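A.B. asks: How does the following fold in three dimensions:
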Amino acid sequence: MEERVGIFVFALAIGLIVSVHLAMNSRAGELLGSVRIANAIFWSGGAICALFIAATSGELAALGKLSNVPGWLWLAGVLGASLVLAIAWSMQKIGVGPTTAALLTGQLISAALISHLGFLTDHPVPLDVTRLLGLAAIAVGAVLVVR
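C.D. replies: As a prediction, this is how the structure comes out:
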């Protein structure tokens, strides 16, 4: 239980950083006059960093298991780059707070559905009344935060 709490706090900290990261991308797009160019630069830097981390991880033997990964899962990189671009654009149009509130609400709804259906996970978590009430509270909270 203690480990779960520590990981939860770690994930919460990552969530704090994600909003800063996305706002940075949006602001760079404003300063450049092109959110698309800023996004490409950020993803290029991210790719270099990810390759460095992978190369120094001591886990390069995992490359031998590439055939275990269905091809469609590699679309996650395309989704990621497209999502960050869309988020940076949205932040320019409606602001960091409203965009983040909508993102978090959407993420939690989709995460609940993914968990309920057992899609992309080995640990399905059925939706129940308590979880549905929690999602509704988050959606209401998001609306209240951006008013």
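A.B. asks: Check what contacts stretch 13-33 and list those residues.
C.D. replies: For stretch 13-33, contacts defined as CB atoms under 8 Å, 6 or more residues apart in numbering pick out 35-39, 41-42, 84, 87-89, 91-92, 96, 99-100, 104. (Each C-beta comes from the backbone N, C-alpha and C, glycine too.)
A.B. asks: Okay, and which of those map to helices?
C.D. replies: 35-39, 41-42, 84, 87-89, 91-92, 96, 99-100, 104 (DSSP state H).
A.B. asks: Which strand or helix spans Ala142?
C.D. replies: Per DSSP states H and E: Ala142 is located in helix 129-146.
A.B. asks: And Phe8, by the same measure?
C.D. replies: helix 2-32.
A.B. asks: Flag every buried residue along that helix.
C.D. replies: For helix 2-32, burial by neighbour count (16 or more other CB atoms under 10 Å) applies to Ser19, Leu22, Ala23, Asn25, Ser26, Arg27, Ala28, Gly29.
A.B. asks: Could you list the domains of the chain?
C.D. replies: Domain ranges of the chain: 1-94, 95-147, per automatic domain parsing.
A.B. asks: could I get these as TSV with mean pLDDT?
C.D. replies: Converted to TSV, those look like this (pLDDT from 0 to 100):
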stretch	mean pLDDT
domain 1-94	93
domain 95-147	92
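A.B. asks: one step back: could you identify the buried members of the ones in helices among the contacts of stretch 13-33?
C.D. replies: For the ones in helices among the contacts of stretch 13-33, buried by 16+ other CB under 10 Å: 35, 38-39, 42, 84, 87-89, 91, 96, 99-100, 104.
A.B. asks: quick check, nearest of these to Phe8?
C.D. replies: For those, the closest approach to Phe8 (CB to CB) belongs to Leu104, at 15.2 Å.
A.B. asks: so who does the closest one touch?
C.D. replies: Gly15, Ile138, Ala142.
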